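**Student:** Here you go, sequence then predicted model.
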Amino acid sequence: MRTRFTELLGIEHPVVQGGMMWVGRAELAAAVSEAGGLGIVTALTQPTPHDLATEIARTRKLTDKPFGVNLTILPSINPPPYDEYRRAIVDSGVTIVETAGSSPEPHMGFFREHGVQVIHKCTSVRHAVKAERAGVAAVSIDGFECAGHPGEDDIPGLVLVPAAADALSIPFIASGGFADGRGLAAALVLGADGINMGTRFMCSEESPIAAAVKRRIVEATELDTTLIFRSLRNTARVARNSVSEQVTRILADGGTFVDVQELVAGSRGRRVFEDGDLDAGIWTAGLVQGLIHDVPPAGEIVTRIVREARAVLDATQTKFTP
Ligand SMILES: Cc1cc2nc3c(=O)[nH]c(=O)nc-3n(C[C@H](O)[C@H](O)[C@H](O)COP(=O)(O)O)c2cc1C
């Protein structure tokens, strides 16, 4: 395929595996890139900047095609050493970074200086326009359907993607709710230059999480997610389970973050992925689980989606009379 996004990054297919905490490791990112998409290693999944450099080296051993690193910058009481992670990324020779969580602006000077192309992931047209002005190379725009943080505007992709197409000049990809070729075809028709996916790649062979979680995604429907932290204006879309329902209940009854802090601890979420105990904590998944029915190799997901998108677009043409 050829779009402004594939041309920008020198990749074959406009299909990106977005950064995923505990999931975006070398094997998965390399498999996506090897198939012609763009795999992304998640920086903060590595406990130290040194471990990130090692993970990048491992990825490079598995593929010589382009891949990126996700740097998620969220407000935190004890922030990780973001500047050291940034330094590890450029010292490892990575030239594609996906930023997310807050404005990329404070990091743009450093990345520009080191020849890094920044793809900024955000959830609103106004933030996308701001990122374009700050000099990012591309935007990834996450609709309300997405796993993780959909923001507070609640605009689904069907409106968000064409609105972004109208407002942006740089290449951008649509994210949230994509899992198959129908989605890629729709994104292209709505004006995007490709797609970004999380939940679909989480449910692939190379995804380093317990088989029980992948099975749960296959069994789940589009009804099986919950929005937590709405009252804190830090909404997150996570899998519906006993913990996410308890958190929603406590906050709806007037509770504050302190009342749910222990329930939402990252260490508990990590146990879900490592031990396959689906109710050990909070874990991220999107509405699109309703469209996911198998656990194929990540590379097959990329090639299948591209093949399907072409077939869907060809078949759609026949609906017009000559
Ligand atoms: C398990 C999981 C962990 C995620 N962690 C991050 C993260 O650390 N940083 C980030 O920018 N996005 C994260 N995301 C969001 C994805 O990169 C992507 O934007 C989102 O999954 C798109 O929605 P989809 O799941 O419907 O494809 C995560 C998603 C999942 C499923």
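**Tutor:** On my side now, so go ahead.
**Student:** So which residues on the stretch 51-200 of the chain come close to the ligand?
**Tutor:** Proximity of the stretch 51-200 of the chain to the ligand (Cβ under 6 Å from any ligand atom) is limited to residues 70, 72, 100, 121, 142, 145-148, 175-178, 196-200. Where C-beta positions appear, they are placed from N, C-alpha and C, glycine not excepted.
**Student:** run the last query once more with 8 Å
**Tutor:** 70, 72, 98, 100-101, 121, 140, 142, 145-149, 175-179, 196-200 (Cβ under 8 Å from any ligand atom).
**Student:** how close does the closest residue to the ligand within the stretch 201-322 of the chain get to Arg60?
**Tutor:** Closest approach of the stretch 201-322 of the chain to the ligand (Cβ to the nearest ligand atom) occurs at Gly286, with a separation of 3.0 Å. Separation of Gly286 from Arg60 (Cβ to Cβ, to the nearest Å): 29 Å.
**Student:** okay, these two: which has more neighbours?
**Tutor:** The neighbour comparison of Gly286 against Arg60 (other Cβ atoms under 10 Å) goes to Gly286, with 31 against 16.
**Student:** In contact with the more buried one, which residues?
**Tutor:** Listed by Cβ atoms under 8 Å, 6 or more residues apart in numbering, the contact partners of Gly286 are 145-148, 176-177, 198-199, 225, 237.
**Student:** Which of those residues are buried, as a ChimeraX select command?
**Tutor:** Paste this into ChimeraX to select the buried members of these, with burial taken from 16 or more other Cβ atoms under 10 Å:
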select :145,146,147,148,176,177,198,199,225,237
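**Student:** So which of the contacts of Gly286 are in helices?
**Tutor:** Thr199 (DSSP state H).
**Student:** with the contacts of Gly286 in mind, which one is nearest to the ligand?
**Tutor:** Gly198 (2.0 Å).
**Student:** I'd assumed Met21 was in contact with the closest one.
**Tutor:** No - Gly198 lies out of contact with Met21 (Cβ atoms under 8 Å); the separation is 10.1 Å.
**Student:** overlap in contacts of the two?
**Tutor:** By Cβ under 8 Å, 6+ apart, the residues touching both Gly198 and Met21 are Thr284.
**Student:** Quick check: beta-bridge partners of Ala236?
**Tutor:** Ile228 (DSSP bridges).
**Student:** Use 419 as the first number for this chain going forward.
**Tutor:** Got it, the first residue is 419 from now on, which makes the last one we talked about Ala654.
**Student:** quick one: it from Ala444, how far?
**Tutor:** In terms of Cβ to Cβ, Ala654 sits 26 Å off from Ala444.
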